[in-house]
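>>> Got a predicted structure here, sequence first:
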Amino acid sequence: MASGTQWGAGSWGQPAEGQRSSPGACYRELSRFPAISCAALGATAGGRAFLLHTECSQPDLPRRRLLRFSRHYSVQRTERGLTVSRAALSTEIHNRLLGQDSPSGQRRAVLVRCPLRGHELLEVWDGSGRSHSVDLTALGKHGAVYTEGPFACLAWSHLETQLLYVAEKSRPTLPAACPGHVPEAARPAEDEDEEGERFVYHEGWGERLNTRSAPVLCMLDIKSSSVSVLESVPEHVSPGQALWSPGDTGVVFVGWWHEPFRLGLSACSNRRSGIFHLELASGHCELLSAPNRASFSPRLSPDGQHLLYLEGAVGGPHRQCLQLRLFPFWARLSQLTWQMRQTVTVLDVVQEPTGSESSFTGIYTDALPPQCWAADSRRALLCTPQRSRTDLLLVDTETATVTNLTAGSPEGCWELLTIQWDLLVATCSAPHRPPSLVMAELPPLGQELPLRWVPVEDTPPVPGITWKTLTVQQNSALHNPQPFEALLLSPTGGTTPHPLVVCPHGGPHAVFDARWRPSMAALCWLGFAMLLVNYRGSLGFGQASIECLQSRMGEQDVADTQLAVEQALRYEPLDPHRVALLAGSHGAFIALHLLTRQPERYQACALRNPVSNLPALLGTSDIPDWRYTSLGLPYSFQRVPHVEDLVVMLQRSPIIQAPRVRAPVLLCVGARDRRVSPTQALELYRVLRAHRVPTRLLWYPEGGHALTGVETEADVFGNCARWFLQHLGRPPVGQHGP
């Protein structure tokens, strides 16, 4: 890739000689690179010049907050290709919760929070400044607006006169109870309906969505500054991801079934949901997608004739290989009923990938890009794991063919931010390279390769780190003996062999793709090699690989991780006497099993929100279905535990073998974790301490399952790094010069 504007090029802020092994110094240096969250293009007259707007974030460690800021660029489309230049200085973003450009690019809707009163304001801006501002909180039509997660949206109508968004359903504000304040006989009659309502439980949607219970679709008329709640949404579903149908006559939205109760939705694409169409004039609402499926992420083509969306099975693994489906919106112009309009499967589930290493392995993303259609309304783009990479794929929806636009690139992770006027804006990164911002012009149909990427903000590789993808071969006599992969990050310089930190991912149906991770790079700078294991059951390797882990949890995943460790120790310059484990959630479940089965192999362990006692999670986790499904047991909403179920769960739980642990264990626990109850770690802590295992527990009062947040992430990394340095010894570290 050609050289462009660089972030930190040639001035790494390298820790001084006496600080090279300091966890804090390494983390500060490597966490300073911005993450680019979104981008939008605006066209000027003539269609040859464009303005590119991006929003970025980076940790502000001294002030313990996330710094958000915007960058602006001028883009010229010439016969020789694209030229990009910085159009303005970066500016910090304050109090902004949501933002969305209008279809013409001439207006922008912004949801902001007033810092003094805490009110939410929906504003519209144009070239002359702020044209409209509506105090949504003061109107009182609904509760807090959803600003992130699977429900959130902010959608302009095609005529740019209305906005759609999702908010919490309004509930009456009850006065504080005061014993003896009003005698029973003197209480007004209208208050009787509110009696006993104060402590009614309102069920949330689980981890990261605990305060989200009853979403409603809301519509703002910009001219009149009036807000209305769409009342014709079926009562048995919770709406989200709304967009306008062609002509602005209706609304398309995703509805998640919430009866008889809500299961955790975060990182769970297997919840029953459908694509609905609501006709505004009549209030008529119909299901467009297949019943009893998980359908979501609708995207309307530029010509308004095709609706693209993702669809998967209900139940089973929480993340699966998905179908790409197409609904013919053109049929609305005919006399066909919704039921007669045939939905087309553009790409089906891939059971087992065939062919070369670059062959298509299926779709595993949790959402399509907000802007994913090419201007021809025939081609669409998406990013999804493909083995241990995340690649940018182009799909021809007419021929159902897939072209991998980034296969074989040195960057292992690509993310499409937007495509407008056939201009692609994306980020790319690798384990040794922070994200770079790039652009490309999409060539005509059939001429997409090679795609010429132009750097907008080019970040050079980090010195002192190298990486590779390892293929781990299975014994052919095993069940589903397909090979799997692991990423190995190694420090350069210093002396070998390197101590090894082994990381099985959580999920379990997730993946370690070859992206930039500051904490992993920082551990490499401290002298540790990192082995990120994508055991069988990881995303990106076919549906059969995902399903083969069912009923083998705690056995196959553990054996795969250990096999990856042994092969890496055999063929790479690694120290077999200095091996540690670093994992979270289900990855910590695997790590605990390894500590009990291979106590002589591992000298230290650091775990985040570990799963240790499966039956104890039945009544404490937001995904109780997973406790059954993972072990091959049937699940239904009516299911209650049987003695035999609990026996199977306990037999697979590492807690019963905890007395065999010998390695020192560090536990990092989020007190607000709804997925894996913090009581799991507390019980484990007591058992290990009782058996004189060196154990330390860190308690983060505001931490959730992922232990996110600037202060929390920095503290978790620092403690884990110091734990490894203490118990594995301090590796000799070379000079990380460019």
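Here it is on my side, so go on.
>>> Next, the distance between the ends of stretch 316-326.
From the first residue to the last, stretch 316-326 extends over 24 Å; the measure is C-alpha to C-alpha, to the nearest Å.
>>> all helices for the protein, in order.
Using DSSP state H, the helices of the chain run over residues 23-30, 136-139, 518-525, 543-547, 556-571, 586-597, 624-629, 643-651, 679-690, 710-728.
>>> Which of those sits closest to residue 130?
helix 136-139 (15.4 Å; C-beta to C-beta). All C-beta atoms are positioned from the backbone trio N, CA, C, and that covers glycine.
>>> Show me what the closest one is packed against.
Here helix 136-139 touches strand 120-126, going by 3 or more C-beta pairs under 8 Å, 6 or more residues apart in numbering; DSSP states H and E.
>>> Any buried residues in the strand it packs on, and which?
Neighbour-count burial for strand 120-126, counted by 16 or more other C-beta atoms under 10 Å, picks out 120-125.
>>> same thing with stretch 125-137?
For stretch 125-137, the neighbour count (16+ other C-beta under 10 Å) marks 125, 132, 134, 136-137 as buried.
>>> show me where the stretch 151-300 of the chain has strands.
Ranges of strands within the stretch 151-300 of the chain are 154-156, 162-168, 215-221, 226-229, 237-244, 250-257, 273-279, 285-287, 294-300, based on DSSP state E, counting those that start in this stretch.
>>> Can I get the fifth one in PDB? Just the C-alpha atoms.
Included here for strand 237-244 are C-alpha records, laid out as PDB according to Å, rounded to 0.1, in the frame of the first residue of the first chain:
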ATOM      1  CA  VAL A 237     -42.100  -8.300  19.600                       C
ATOM      2  CA  SER A 238     -39.600  -5.600  20.500                       C
ATOM      3  CA  PRO A 239     -38.700  -3.400  17.500                       C
ATOM      4  CA  GLY A 240     -35.300  -2.100  16.400                       C
ATOM      5  CA  GLN A 241     -33.100  -1.500  13.300                       C
ATOM      6  CA  ALA A 242     -35.800   0.500  11.600                       C
ATOM      7  CA  LEU A 243     -35.600   2.100   8.100                       C
ATOM      8  CA  TRP A 244     -38.000   3.700   5.700                       C
END
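>>> Report the rounded mean pLDDT for stretch 298-308.
Averaged over stretch 298-308, pLDDT sits at 96.
>>> hmm, who's touching that stretch?
241, 243-247, 252-254, 275, 288, 309, 324-330, 346, 368, 370, 372-373, 375, 377, 380, 397 (C-beta atoms under 8 Å, 6 or more residues apart in numbering).
>>> What subset of the residues you listed is buried?
Buried subset of these (neighbour count, 16+ other C-beta under 10 Å): 241, 243-246, 252-254, 275, 288, 309, 324-327, 329, 346, 368, 370, 372-373, 380, 397.
>>> With distance to residue 661 and mean pLDDT as extra columns, can I get the helices of the chain in TSV?
Output for those, formatted as TSV (distance: least, C-beta to C-beta, whole Å; pLDDT from 0 to 100):
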stretch	distance to residue 661	mean pLDDT
helix 23-30	25	96
helix 136-139	52	96
helix 518-525	22	97
helix 543-547	30	96
helix 556-571	14	97
helix 586-597	5	98
helix 624-629	23	94
helix 643-651	17	96
helix 679-690	6	98
helix 710-728	13	97
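>>> Make CSV out of those helices and add distance to residue 606.
Formatted as CSV, the helices of the chain follow (distance: least, C-beta to C-beta, whole Å):
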stretch, distance to residue 606
helix 23-30, 12
helix 136-139, 43
helix 518-525, 11
helix 543-547, 27
helix 556-571, 16
helix 586-597, 9
helix 624-629, 24
helix 643-651, 25
helix 679-690, 12
helix 710-728, 4
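>>> and residue 155, which of these is closest to it?
helix 136-139 (15.8 Å).
>>> List the contacts of the closest one.
By C-beta under 8 Å, 6+ apart, helix 136-139 touches 117-122, 142, 145, 167, 227.
>>> Repeat the analysis, applying 10 Å as the threshold.
For helix 136-139, contacts defined as C-beta atoms under 10 Å, 6 or more residues apart in numbering pick out 111, 113-114, 117-122, 142-145, 165, 167, 170, 218, 220, 225-227.
>>> Enumerate every residue touching the nearest residue to residue 418 once chain neighbours are set aside.
If the residues on either side of it in the chain are set aside, residue 418 comes closest to residue 371, at 4.4 Å by C-beta to C-beta, 6 or more residues apart in numbering. By C-beta under 10 Å, 6+ apart, the contact list for residue 371 reads 39-41, 101, 299, 302, 381, 416-420, 424-425.
>>> Mind doing that once more with 8 Å?
Contacts of residue 371 (C-beta under 8 Å, 6+ apart): 418-420.
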